Each structure stands twice: as C-alpha cells, then as structure tokens.
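[1] Provided below for reference: sequence and predicted model.
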Amino acid sequence: MAAIEDFRSVRLARGGKQRAAGSRWASPDKGHRGEIVAFIGAIHCGLPCPIPFQESVLSTSVTMDILESIRTRRSVMISTSG
C-alpha cells in the first residue's frame with residue numbers, strides 16, 4: 001500500500017511494516033499556476049489550448065470508468081480511445 005500525502009510525502013506499507021519518504025515541509029509544485037498561466041496566455045494570444053481536446057475527453061472517460069468501478073465494486077475496462 002502506498003499513500004501520497006498532498007504531494008509532500010509518501011508512506012509505504014508492506015507485510016505489516018511502514019516506511020515514509022519525502023519531506024513534510026517540502027513545497028510541491030503541483031502545476032496549477034503554470035497550467036492557468038498557459039491557458040490564459042493561449043486565450044489572449046489566440047493559440048491552441050495547452051491541453052489537447054482529446055486528452056480532456058480521455059481524462060473524463062477514464063474518470064467515468066473509475067466511478068463505474070467504484071459504484072459496481074467490479075473491475076471495468078478502461079477506455080483509452082476516449
């Protein structure tokens with residue numbers, strides 16, 4: 001089992017033993033600011049969206065597949081074609 005805590009640290013557990021990695025005081029760059037700056041820059045300059053439309057469709061499709069798996073408590077095939 002692995003648990004990532006706010007992208008600052010990770011706890012790993014196996015066979016009843018745990019270990020931690022990372023720093024609780026780290027300041028992670030999650031990419032949100034850069035993503036927003038790129039998106040707004042694309043709008044202002046008339047450039048294509050920095051995230052291709054097909055990637056957004058695929059991300060949404062995979063999210064729906066995951067929710068279906070959680071709802072039904074069964075494995076589902078993850079669609080990679082969007």
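    Arrived safely, thanks for sending. Keep in mind it's a predicted model, so treat the numbers as computed, not measured.
[2] in the protein, which segments are predicted with low confidence?
    23-28, 81-82 (pLDDT under 70).
[3] centroid residue for it?
    Centroid-nearest residue in the chain, with Cα atoms, centre = their mean: Ser59, separated by 9.3 Å.
[4] Next one: that residue from His44, what distance?
    24 Å (Cβ to Cβ, to the nearest Å). (C-beta placed from N, C-alpha, C; glycine too.)
[5] just His32 next, same as before
    Distance from His32 to His44, by Cβ to Cβ: 19 Å.
[6] can you check Gln18 too?
    From Gln18 to His44 the distance is 48 Å (Cβ to Cβ).
[7] Between those two, tell me which one has more neighbours.
    Shown here are Gln18 and His44; by other Cβ atoms under 10 Å, Gln18 has more neighbours (11 against 8).
[8] Show me where the protein has its helices.
    32-45, 53-72 (DSSP state H).
[9] Return the residues in contact with the residue nearest to the centre of the chain.
    Ser59 makes contact with no residue, according to Cβ atoms under 8 Å, 6 or more residues apart in numbering.
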